[in-house]
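Engineer: any chance you can model this:
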Amino acid sequence: MNAPPGLDFASIPERIQSEVQRAIQRSIKGVEYFSTSGPTLGSTPKDVLHSRGTMNLYHYRPMSDEIYRVPVLIVMATTNRGYILDLVPGQSFIEFLLKRGYDVYMLDWSAPRPEEKSLRMEDYVLDFIPDCVRRVQADSGEQEVSVIGYCFGGVLSLLYGSIHANGPMKNLICFTTPIDFREMKLFSNFSDRRYFDVDHLVDSVGNVPPEMILSSFEMLRPASRTVSQIQLWENIWNDEFVKSYRMFDRWATDTLPLAGEYFRTITKDLMWDNKLFNDTMSVGGRAAKLENIKVPILHAVAEHDHIVPYEAAKHLIAKIGSADKEEVMLKGGHVSLVAGANAVKRLWPKLDSWLGKRST
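Structural biologist: Residues are numbered from 1 along each chain as shown. Predicted coordinates for the structure are as follows:
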């Protein structure tokens, strides 16, 4: 009998054997998956420079003999932990910066305690960030500091920079940072003032639970968790795939609660009234207009970002008052833009090229 076009009968036994072997490997690796922990994350050597309440300031130990003059302060988003930028050796943004000669600090966040429910936007913008900047100045011996803000850490950095327009910020880099919150479509629908009583929520529970925040992210792609678990099973024989899956899955589900008053301000001033985009935002009675920012700025956005779509981020560069400003769109999603194999090849070299010449 002649084989149909494209079908080689001679290869069938080999293919069957290959599938059987892969099924056996799935079973073995499946047992290993549940009996072992994932890779150790956030292991780049660092010192805790200061810790106060929900705020943690780290200083990473140098990995280069020659260090750029201007230190770098990374400001993380308040919903997520900073180890996404320090996964494992070879896939760590922090390690990359250190080896390229940068003096790196990070403002990372712990879960606010119940008694910290009254933390306000001004505590983050007018207290925590300025406190960290002063400590970076004192520790490094330099007055100028470059700031890198990831996602909502970028929003906080913009607010800080617009209020402290006369320094000491030397350069500003934002990753996937929204300013037009009307274009955060699903989040905007979640928080529609006609149906969402933020006052009742905050007054009832205090800090916003991490489960609520995680659910809102997962609803952006409702089937993503199921799909990722199917992909895990299909590729569980592949050690590199499993390693990557465990790293990103751990971080994605390691969501922090948000201080109640801080969340109330985000909802009312940003989600409802879109004040940052409309140039009416103020923090602690101080105007926070993006046009006040005159320092060099680089904004990196992801082509396939489902959390901060380009429509929500695209007006940032136009609104900044600096003459030295650049937007770069790179392939990837909200997380893969900054972490993983995609970032190693695309974002990290671009950032180094841009920041290096402005850090002397």
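Engineer: strands of the stretch 151-300 of the chain, start to end?
Structural biologist: 169-175, 282-283, 286-287, 297-302 (DSSP state E, counting those that start in this stretch).
Engineer: save those as a markdown table, and put in mean neighbour count too.
Structural biologist: Bear in mind the C-beta positions are built from the backbone N, C-alpha and C, glycine included. Converted to a markdown table, the strands of the stretch 151-300 of the chain look like this (neighbours: other Cβ atoms under 10 Å):
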| stretch | mean neighbour count |
| --- | --- |
| strand 169-175 | 24 |
| strand 282-283 | 18 |
| strand 286-287 | 13 |
| strand 297-302 | 25 |
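Engineer: and the gap between the closest residue to residue 326 other than its chain neighbours and residue 307?
Structural biologist: Nearest non-adjacent residue to residue 326, counting by Cβ to Cβ, 6 or more residues apart in numbering: residue 298, 5.2 Å away. Noted for residue 298: a distance of 20 Å to residue 307, by Cβ to Cβ, to the nearest Å.
Engineer: do the same with residue 176
Structural biologist: 7 Å.
Engineer: same thing with residue 88?
Structural biologist: The separation that residue 88 has from residue 307, given Cβ to Cβ, amounts to 23 Å.
Engineer: give me the below-cutoff pLDDT ranges for this structure.
Structural biologist: Under the criterion pLDDT under 70, the flagged ranges of the chain are 1-13, 15-39, 213-233, 237-238, 241-248, 250-253.
Engineer: for residue 191, find the nearest of the strands of the stretch 151-300 of the chain.
Structural biologist: strand 282-283 (19.7 Å; Cβ to Cβ).
Engineer: which strands border the closest one, and is each parallel or antiparallel?
Structural biologist: strand 286-287 (antiparallel) (DSSP bridges).
Engineer: center of this protein - which residue?
Structural biologist: Against the mean C-alpha coordinate of the chain, by Cα atoms, centre = their mean, the closest residue is residue 150 at 4.4 Å.
Engineer: which non-adjacent residue is nearest it?
Structural biologist: Using Cβ to Cβ, 6+ apart, the nearest residue to residue 150 is residue 175, at 4.7 Å.
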